[in-house]
Each structure stands twice: as C-alpha cells, then as structure tokens.
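In: Just the structure for this:
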Amino acid sequence: MTLSIWQGNKVRLRAFEAADWETFFQIDQDTEIARLCYFIPFPRSPEASQKWAAEAAMAKPVGDEFCFVIETLEGEPVGTINTHHCDARSGTFQYGLGIHRDHWRKGYAREAIYLVLRYFFSELRYQKVNAPVYAFNQASIQLHERLGFKEEGRLRRMIFTGGEYHDEIMFGMTLEEFAGYPWPAA
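Out: You can find the predicted model right below:
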C-alpha cells in the first residue's frame with residue numbers, strides 16, 4: 001500500500017472542503033487565536049463563512065502557495081498551514097500555521113511543519129524556509145527553537161494588536177539543517 005506524502009503518524013494535510021465552513025466559523029470566534037495567527041478580523045456571518053469555505057474548496061494553488069487543512073487521521077480538522085512568499089528561483093519560502101486551541105500541544109503543528117518542509121525540500125527543490133513569528137507568541141517561538149530553526153532577525157514594531165506594537169522574529173531553516181534534524185518517520 002502506498003502512503004500519501006501528505007500523511008504522517010498523527011495528521012494529514014488536505015485541501016479545504018466546503019463542509020469545513022462550520023469548523024472554521026467556530027474558530028473565528030476565538031480572537032486570541034486570530035491575534036496569534038494574523039489579526040482580529042471583523043465578525044463573519046455563517047452565510048459568509050459558507051461562501052468563503054466554498055470558494056476556498058475551489059481555489060487552485062498560486063505558484064507554490066497553498067493553504068492546507070491539518071486534520072487528524074480520524075478526519076477532524078485541527079488547524080491550517082499555508083505556504084507563501086514562495087520564490088522558486090532563489091529556493092526560499094515561508095509558511096504560517098494555526099492550530100485550534102483544543103488541539104494545542106499534541107504534536108500536530110510539528111508534524112504538519114515536517115510534512116510541508118519534506119515536500120518543499122524533496123519535491124520542489126526549495127533550499128530554505130523562513131517562519132515569521134510574532135514576539136508575543138511564546139509557544140510558537142519555543143516550537144521553532146525545539147525544531148532546530150535558527151533565529152535570523154527581528155523586525156521591530158511590525159505588528160499592532162491589543163493596543164501595542166510588537167516585533168516580528170524571523171526563524172529560518174536550510175535544507176541541510178532539515179536533513180540533520182531527528183524528524184519522526186512519517
């Protein structure tokens with residue numbers, strides 16, 4: 001039996017489905033998660049969430065940029081990981097990650113990052129990944145440090161939320177560092 005490159009021991013990555021609207025509508029109600037991921041948006045109605053999910057389900061990748069749903073092997077959505085700022089010529093890309101609060105600290109983020117990095121390094125010939133993290137997101141900082149990412153710089157006062165400006169920390173990992181890290185067999 002051939003296993004999917006998109007599946008690990010805990011999670012699989014997949015495209016959005018129109019039926020995901022309700023899960024992500026519920027997540028939209030958690031403003032702390034929104035702040036950790038990007039920003040707090042205006043409220044969205046259930047009807048707008050349905051339309052958004054239907055459009056996301058039909059979206060095609062733009063170059064190598066794609067937004068994946070992270071789901072457990074039992075089929076429960078637990079978050080998203082999206083690739084962006086993909087520069088195939090230089091071989092660099094970035095990603096953003098969001099895990100639903102009920103699924104924090106279960107290893108899902110680690111495995112989703114591994115699956116995306118393995119694909120980009122092994123299949124698309126990228127040679128470096130960058131992961132921007134907000135300085136107030138201690139859990140994400142610790143995760144990236146534990147995974148062997150290197151802090152490469154800090155952009156001061158890049159994010160405004162909660163009435164304050166915050167720094168953005170850039171973490172990076174090269175293909176060689178990825179190959180040398182003791183990732184789990186997935």
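In: Could you use CA atoms for every contact and neighbour count after this?
Out: Will do.
In: mind listing the helices for this protein?
Out: 21-28, 31-37, 46-58, 108-122, 138-146, 175-180 (DSSP state H).
In: out of the ones you listed, which comes closest to Thr83?
Out: helix 108-122 (8.3 Å; Cα to Cα).
In: ok and the closest one relative to helix 138-146, angle-wise?
Out: Following axes from the mean of the first three to the mean of the last three Cα atoms, to 10 degrees, one obtains 50 degrees for the angle between helix 108-122 and helix 138-146.
In: can you pull the buried residues of helix 108-122?
Out: If you call a residue buried by 16 or more other Cα atoms under 10 Å, then helix 108-122 has these buried ones: 108-118, 120-121.
In: Surely Leu115 and Ile5 touch.
Out: Yes. The criterion here is Cα atoms under 8 Å, and Leu115 meets it with Ile5 at 7.3 Å.
In: what are the C-alpha coordinates of the helix or strand of the chain with the lowest mean pLDDT, in PDB please?
Out: One helix or strand of the chain scores below all others by mean pLDDT, DSSP states H and E: helix 31-37, with a mean of 88. Provided in PDB are the C-alpha atoms of helix 31-37 (Å, rounded to 0.1, in the frame of the first residue of the first chain):
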ATOM      1  CA  THR A  31     -10.000  36.200  19.000                       C
ATOM      2  CA  GLU A  32      -6.800  35.100  20.800                       C
ATOM      3  CA  ILE A  33      -6.100  32.600  18.100                       C
ATOM      4  CA  ALA A  34      -6.800  35.200  15.400                       C
ATOM      5  CA  ARG A  35      -4.300  37.500  17.100                       C
ATOM      6  CA  LEU A  36      -1.700  34.800  17.300                       C
ATOM      7  CA  CYS A  37      -2.100  33.900  13.600                       C
END
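In: how close does the residue nearest to Glu71 when sequence neighbours are not counted get to Asp167?
Out: Spatial nearest neighbour of Glu71, chain neighbours left out: Pro77 (4.0 Å); criterion: Cα to Cα, 6 or more residues apart in numbering. Here Pro77 is placed at a distance of 30 Å from Asp167 (Cα to Cα, to the nearest Å).
In: returning to what we had before: most packed of the helices of the chain?
Out: helix 108-122 (a mean of 20; mean count of other Cα atoms under 10 Å).
In: So which elements touch it?
Out: strand 11-14, strand 77-87, strand 92-99 (3 or more Cα pairs under 8 Å, 6 or more residues apart in numbering; DSSP states H and E).
In: Can you give me the buried ones in the first one?
Out: This means strand 11-14. For strand 11-14, using 16+ other Cα under 10 Å, the buried residues are 11-13.
In: Stretch 62-80 now?
Out: 65-72, 77-80.
In: Now the two most distant members of those.
Out: Glu65 and Thr72 (22.4 Å).
In: related to what we said a few turns ago, ok, the buried residues of helix 108-122 vs Ala139, which is closest?
Out: For the buried residues of helix 108-122, the nearest to Ala139 is Ala109 (11.0 Å; Cα to Cα).
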